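Enquirer: Turn this into a structure:
(4 chains)
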2 protein chains.
Amino acid sequence: MERTYRALVVEDQTLMRLALMDQISTAFENAAVLGAQTLEIALYELANENFDLVIIDPGLPGFDPTSQDDRLSVVSRIIEASPTALHAVITGSDSTAEADQFRGLGAVAYLGKTGLEPGMLCDVLDDISTSGFSIRLSRVTMTVPDYCHSALTPREQEIINLMARREPGMSRIQIYEQVAGKLGIDRDSAEKYFKKARAKIMKSDHKLPVGI
Amino acid sequence: MERTYRALVVEDQTLMRLALMDQISTAFENAAVLGAQTLEIALYELANENFDLVIIDPGLPGFDPTSQDDRLSVVSRIIEASPTALHAVITGSDSTAEADQFRGLGAVAYLGKTGLEPGMLCDVLDDISTSGFSIRLSRVTMTVPDYCHSALTPREQEIINLMARREPGMSRIQIYEQVAGKLGIDRDSAEKYFKKARAKIMKSDHKLPVGI
DNA sequence: CCAAATAGGGACAGCCCTATCCCTTTTTTT
DNA sequence: AAAAAAAGGGATAGGGCTGTCCCTATTTGG
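Expert: Next up, the predicted model:
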């Protein structure tokens, strides 16, 4: 068993905080992740434990979201309270200027919430260990809507969404091959999951999502 | 099989959009949920399908987040494109004044992202059918940090977090009883899951979260 | 027309999560 | 000291998800 990887997510929006915590806990074999909604709770935890990674949204309750001083103060207080950790700033309203400011405080990543997708954590950590800093400004990448249906298993969801985003002009078999490669399963299995998912949707809904 | 409940989530932050979609798809027996990152994608979907529920974050890419006209315009265009749907506005920076403005446009809910927790959707829909409007302004409720560990199953996670938030002064047995009631399982099972979870954490981490 | 691709299934084993019931030992409380 | 509470575990049945292999029609493309 590897050493426990310790992380703290400081973010006031509960759904986002839980999503980030889930990202971290699934990215590591053995991770313990704490979530703090306020600076007070964060500082309390930082005083009692050493963390490997701290993710910070500077727009916390009790601070003026339009005041750059407030944002900088939140991050700098957290960094001072955990000098050995890696610090990633995540924000809804990002700018290169602000990225530089936080980098000056010692942060190793600056991430815009828009376009920050599941699985991005590994890429960010790669950036950090390679170049010492990771910056991901908000950008719009979506061309096809996300789809999600109660009747589908996670695997089926995944394959439906991969299929919907396929590049046009490929045969189904080629796509199955490609999707199977991404997921580490057989082409047959990918084909099977896709057909099963489509059948479920047709049965309950009689209307398929775009791209299927 | 009940009729398929159709919902659309218009939100540019991917993790938040997926979290909201997941909330909806698990709240209904049979739901098909689409996610749109931009107004263009949203309007395209609204033109091709009728939705029961549309959730809108007015701070979309391509609009000025500080311009109240832009925010109102996003919501009003979506409402006009789906006159039969219920419309809920969700925002990171909420105010009662803005809530009134969106209500004037026809929205039936105004939700602040801070403090918007998993499972809140049912309460919001209850508010709407009871009083015609649901407003949930941002507020800080957290007293104990969230906790999440790779080694725990979802059930174990849930029970660990419920236990950490217990009211002081109750015996363990009473708390097991209460938690079991919330989850609809036996007291013995709740006790078992809790002990299993704690043992896993101790084995991998040798450090228990606050409140356990 | 023939071959490939596609649609739409069935069967099966393995695994993990769930939920319940059971047991022993130690600690705390009365 | 006796009773209650708590820690720590074993065994088991059921169910769903996963992944693989296999099957038959039907459609499409060369």
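Enquirer: List the contacts of the closest residue to residue A:28 other than its chain neighbours.
Expert: Among residues not flanking residue A:28 along the chain, residue A:5 sits closest, at 4.6 Å (CB to CB, 6 or more residues apart in numbering or on different chains). No exception for glycine: its C-beta is placed from N, CA and C like everyone else's. Shown in contact with residue A:5 (CB atoms under 8 Å, 6 or more residues apart in numbering or on different chains): A:24, A:28, A:30-32, A:52-53.
Enquirer: give me that answer again for 7 Å
Expert: Neighbour list for residue A:5: A:28, A:30-31, A:52 [criterion: CB atoms under 7 Å, 6 or more residues apart in numbering or on different chains].
Enquirer: same deal with residue A:129?
Expert: Neighbouring residues of residue A:129 by CB under 7 Å, 6+ apart: there are none.
Enquirer: Now do the SS call for it.
Expert: helix (DSSP: H, G, I helix; E, B strand; the rest coil).
Enquirer: so how far is residue B:16 from it?
Expert: Distance of residue A:129 to residue B:16, computed by CB to CB, to the nearest Å: 28 Å.
Enquirer: count of neighbours near residue A:60?
Expert: 23 (other CB atoms under 10 Å in any protein chain shown).
Enquirer: now residue A:86
Expert: Residue crowding around residue A:86 was assessed by other CB under 10 Å; the count is 19.
Enquirer: and the gap between the closest residue to residue A:57 other than its chain neighbours and residue B:57?
Expert: Excluding its sequence neighbours, the residue lying closest to residue A:57 (CB to CB, 6+ apart) is residue A:11, at 4.3 Å. The spacing between residue A:11 and residue B:57, counted by CB to CB, is 16 Å.
Enquirer: Over to residue A:140?
Expert: Between residue A:140 and residue B:57 the computed distance is 14 Å (CB to CB).
Enquirer: Show me which of the two is the more surrounded one.
Expert: Counted by other CB under 10 Å, residue A:140 and residue B:57 do not tie: residue B:57 has more neighbours, with 23 against 15.
Enquirer: And the lengthiest helix in chain A, what does it pack against?
Expert: The helix spanning the most residues in chain A, taking DSSP state H as the definition, is helix A:187-205. Applying 3 or more CB pairs under 7 Å, 6 or more residues apart in numbering or on different chains; DSSP states H and E, one finds that helix A:187-205 makes contact with helix A:154-164, helix A:172-183.
Enquirer: where along chain A do the helices fall?
Expert: Going by DSSP H, chain A shows helices at A:14-27, A:39-48, A:68-81, A:96-105, A:120-131, A:154-164, A:172-183, A:187-205.
Enquirer: what comes up buried for the fifth one?
Expert: With burial defined by 16 or more other CB atoms under 10 Å in any protein chain shown, the residues of helix A:120-131 counted as buried are A:120-121, A:124-125, A:127-128.
Enquirer: Could you tell me how far it lies from the centre of the chain?
Expert: Counting by CA atoms, centre = their mean, to the nearest Å, helix A:120-131 is centred 12 Å from the centre of its parent chain.
Enquirer: And the average pLDDT for that helix is what?
Expert: Averaging pLDDT along helix A:120-131 gives 96.
Enquirer: could you redo the buried residues of helix A:120-131 as TSV and give each row distance to chain B?
Expert: Formatted as TSV, these follow (distance: CB to the nearest CB, whole Å):
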residue	distance to chain B
A:120	9
A:121	11
A:124	13
A:125	16
A:127	18
A:128	19
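Enquirer: Format those as TSV; extra columns: distance to DNA strand C.
Expert: Formatted as TSV, the buried residues of helix A:120-131 follow (distance: CB to the nearest atom of the strand, whole Å):
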residue	distance to DNA strand C
A:120	24
A:121	20
A:124	26
A:125	24
A:127	30
A:128	29
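Enquirer: Looking at the residues you listed, which is nearest residue A:80?
Expert: Top of the list for closeness to residue A:80, among the buried residues of helix A:120-131 and by CB to CB, is residue A:128 at 19.9 Å.
Enquirer: Just the C-alpha atoms of the longest helix of chain A, please, in PDB.
Expert: Taking C-alpha atoms only, helix A:187-205 is exported to PDB below (Å, rounded to 0.1, in the frame of the first residue of the first chain):
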ATOM      1  CA  ARG A 187     -14.000  -4.000 -29.200                       C
ATOM      2  CA  ASP A 188     -16.800  -6.600 -28.700                       C
ATOM      3  CA  SER A 189     -17.500  -5.300 -25.300                       C
ATOM      4  CA  ALA A 190     -17.600  -1.700 -26.400                       C
ATOM      5  CA  GLU A 191     -20.000  -2.600 -29.200                       C
ATOM      6  CA  LYS A 192     -22.100  -4.500 -26.800                       C
ATOM      7  CA  TYR A 193     -22.400  -1.700 -24.200                       C
ATOM      8  CA  PHE A 194     -23.200   0.800 -26.900                       C
ATOM      9  CA  LYS A 195     -26.000  -1.300 -28.400                       C
ATOM     10  CA  LYS A 196     -27.400  -2.100 -24.900                       C
ATOM     11  CA  ALA A 197     -27.400   1.600 -24.000                       C
ATOM     12  CA  ARG A 198     -29.000   2.600 -27.300                       C
ATOM     13  CA  ALA A 199     -31.700   0.000 -26.800                       C
ATOM     14  CA  LYS A 200     -32.400   1.200 -23.300                       C
ATOM     15  CA  ILE A 201     -32.800   4.800 -24.400                       C
ATOM     16  CA  MET A 202     -35.000   3.800 -27.300                       C
ATOM     17  CA  LYS A 203     -37.200   1.700 -25.100                       C
ATOM     18  CA  SER A 204     -37.700   4.400 -22.400                       C
ATOM     19  CA  ASP A 205     -37.500   7.500 -24.500                       C
END
